[in-house]
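>>> Take a look and give me a structure for this.
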Amino acid sequence: MKRLLGITLALSLVSLLPAAEPPKGEASEYVSMFNGKDLSGWENVNCAPGTFFVKDGEIITTGKPTGYLRTAKQYENFVLEMDWMHVNKKEVGNSGLFVWGDPLPAIGTGYTRGIEVQVLVNLNVKDTYTSHGDLFSIWGAKCKPDRPHPKGWERCLPSEERCKGGGEWNHYKVTGNNGVLKLEVNGKEVSGVTECNPRKGYLALESEGAECHFKNIKIRELPSTNPKPTECAALDKGHKSLFDGLTFNGWTVDKDTWKANDGVLRATADSKLTTAEKYAFYELQFDFKLPKDVKGIDLLVGGEKITLGGKAGTWQRGTVSVDPGMKRISATVAGTEMAKVVEVPAISTAPIEFTGVAGLELRSIFLRDLREKK
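Purely as a prediction, here's the structure:
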């Protein structure tokens with residue numbers, strides 16, 4: 001009896017120990033990427049709070065606004081499996097899985113730079129794109145399709161049609177290894193791309209205008225193949241979106257002087273757009289498009305006026321830093337200083353204010369707190 005009790009106690013103690021890590025250089029076991037209850041492990045990058053939600057063990061996107069929900073961690077080499085279903089049975093249903101993406105959207109868009117695994121129904125154009133599992137590079141990423149695209153695009157059209165239509169579940173198996181990406185649709189490989197750059201980054205679910213459901217999302221990580229820094233996506237620095245893509249929540253604005261639509265804010269008259277909260281030390285990053293004959297955008301940050309110059313008619317990325325250490329405010333456009341550095345004796349805690357002129361457009365407004373963490 002004592003021996004049995006000893007064995008039982010030993011087994012109990014073993015069961016309390018943390019699971020052993022797989023030996024270095026070996027693949028891990030499959031782990032779930034979704035707990036079926038909430039979005040733990042995922043980050044809503046640039047969408048409204050209700051754009052992605054959980055119901056009945058599924059992640060559902062409304063499709064509005066355009067944007068993405070990404071993983072909290074980066075992945076390099078992996079095997080990912082998931083089920084997806086569009087609800088549109090006749091209308092086009094568009095979504096996707098972004099692979100090896102950046103934490104923030106590419107300039108002038110709601111989407112990340114990366115490789116897209118198409119999740120699409122009811123849209124097929126010969127020699128262009130299909131609803132059956134295309135793979136392609138987006139927004140500055142690079143790849144080489146396994147079969148040349150008829151139009152020379154960096155896009156692999158599937159070898160056969162295996163996807164079911166709207167209202168039916170499809171199963172994807174996506175394997176990424178050393179910059180090579182392969183897609184199996186409902187049990188058979190149909191698409192592939194090689195020489196991908198980036199080949200390490202975040203994974204994300206896309207919102208693009210239509211309701212789409214995802215479930216049974218799991219991943220098995222494979223050994224690293226040591227990508228170069230130039231082959232890796234950017235790392236998350238803690239930027240948080242100040243604009244939900246649909247509403248003026250968190251902002252104060254004169255009625256009917258700005259419009260919010262699908263991730264873009266547009267001034268319809270000369271008017272100010274001001275955050276409801278006050279901020280002290282931060283990095284503000286945003287994309288802007290100047291209307292014709294306008295040479296710059298004015299902001300009020302830290303109680304000081306800053307002007308960012310730019311070219312009208314094209315999307316540009318502005319960055320404004322309110323630096324707690326140097327007691328200064330600096331601004332750049334596309335990494336190049338476009339405004340005078342303002343030296344101030346003390347930084348004011350104040351709202352952020354954009355001075356809008358009719359036709360000015362803004363999107364991807366993100367703020368990173370620069371205060372020292374205690």
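>>> Could you check how far Ser241 is from Asn94?
As judged by CB to CB, to the nearest Å, Ser241 and Asn94 stand 22 Å apart. Where C-beta positions appear, they are placed from N, C-alpha and C, glycine not excepted.
>>> More neighbours: which of these two?
Asn94 (22 against 19; other CB atoms under 10 Å).
>>> looking at it, the more buried one is touching Glu208, isn't it?
Yes: taking CB atoms under 8 Å as the definition, Asn94 is a contact partner of Glu208 at 4.4 Å.
>>> My read is that His213 contacts Val87, right?
Yes: counting by CB under 8 Å, His213 touches Val87, with 7.2 Å between them.
>>> contacting residues around Gly63?
51, 94-95, 207-212 (CB atoms under 8 Å, 6 or more residues apart in numbering).
>>> farthest-separated two in the residues you listed?
Thr51 and Asn94 (14.3 Å; CB to CB).
>>> Per-residue pLDDT of Leu308, please?
Leu308 carries a pLDDT value of 89.
>>> again with Leu370
89.
>>> what residues are up against it?
Leu370 neighbours (CB under 8 Å, 6+ apart): 281-283, 321-324.
>>> measure it to Arg162 for me?
Counting by CB to CB - Leu370 and Arg162 are separated by 49 Å.
>>> pull the CA atoms of stretch 125-136 into CSV?
Once non-C-alpha atoms are left out, stretch 125-136 reads as follows in CSV (Å, rounded to 0.1, in the frame of the first residue of the first chain):
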residue,chain,number,x,y,z
VAL,A,125,-11.8,36.6,-63.3
LYS,A,126,-9.8,34.5,-65.8
ASP,A,127,-6.1,34.9,-65.7
THR,A,128,-6.5,37.5,-62.9
TYR,A,129,-7.7,36.2,-59.5
THR,A,130,-9.9,33.4,-58.1
SER,A,131,-12.0,32.4,-55.1
HIS,A,132,-10.0,29.2,-54.7
GLY,A,133,-6.8,30.1,-52.7
ASP,A,134,-4.6,32.7,-54.4
LEU,A,135,-1.3,33.6,-52.7
PHE,A,136,0.3,37.0,-53.4
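>>> got the buried residues for it?
For stretch 125-136, a neighbour-count test (16 or more other CB atoms under 10 Å) marks 129-136 as buried.
>>> I'd like to check what contacts that stretch. Which residues are they?
Against stretch 125-136 from outside (CB under 8 Å, 6+ apart): 115-118, 120-124, 143, 145, 150-151, 153-158, 160-163, 165, 172, 181, 183, 185, 190-193.
>>> Over to stretch 250-258?
Outside stretch 250-258, the residues that touch it by CB under 8 Å, 6+ apart are 242-244, 248, 265-277, 356.
>>> What is the end-to-end distance of that stretch?
14 Å (CA to CA, to the nearest Å).
>>> List the buried residues of it.
251, 253, 258.
>>> What of stretch 283-299?
Residues of stretch 283-299 classed as buried by neighbour count (16+ other CB under 10 Å): 283-290, 296-297, 299.
>>> what do you get for stretch 299-311?
For stretch 299-311, by 16+ other CB under 10 Å, it's 299-304, 306, 308, 310.
>>> Show me the helices in the protein, by range?
2-16 (DSSP state H).
>>> Just want the most central residue of it.
Central residue of the chain (CA atoms, centre = their mean): Tyr68, 4.5 Å from the mean position.
>>> so what pLDDT did the nearest residue to that residue once chain neighbours are set aside get?
Closest residue to Tyr68 apart from its sequence neighbours, by CB to CB, 6 or more residues apart in numbering: Ala204 at 4.2 Å. Per-residue pLDDT puts Ala204 at 98.
>>> residues contacting Ala204?
By CB under 8 Å, 6+ apart, the neighbours of Ala204 are 45, 68-71, 97-98, 101, 112, 114.
>>> what do you get for Ser191?
By CB under 8 Å, 6+ apart, the contact list for Ser191 reads 133-135, 146, 156-159, 182-183, 185.
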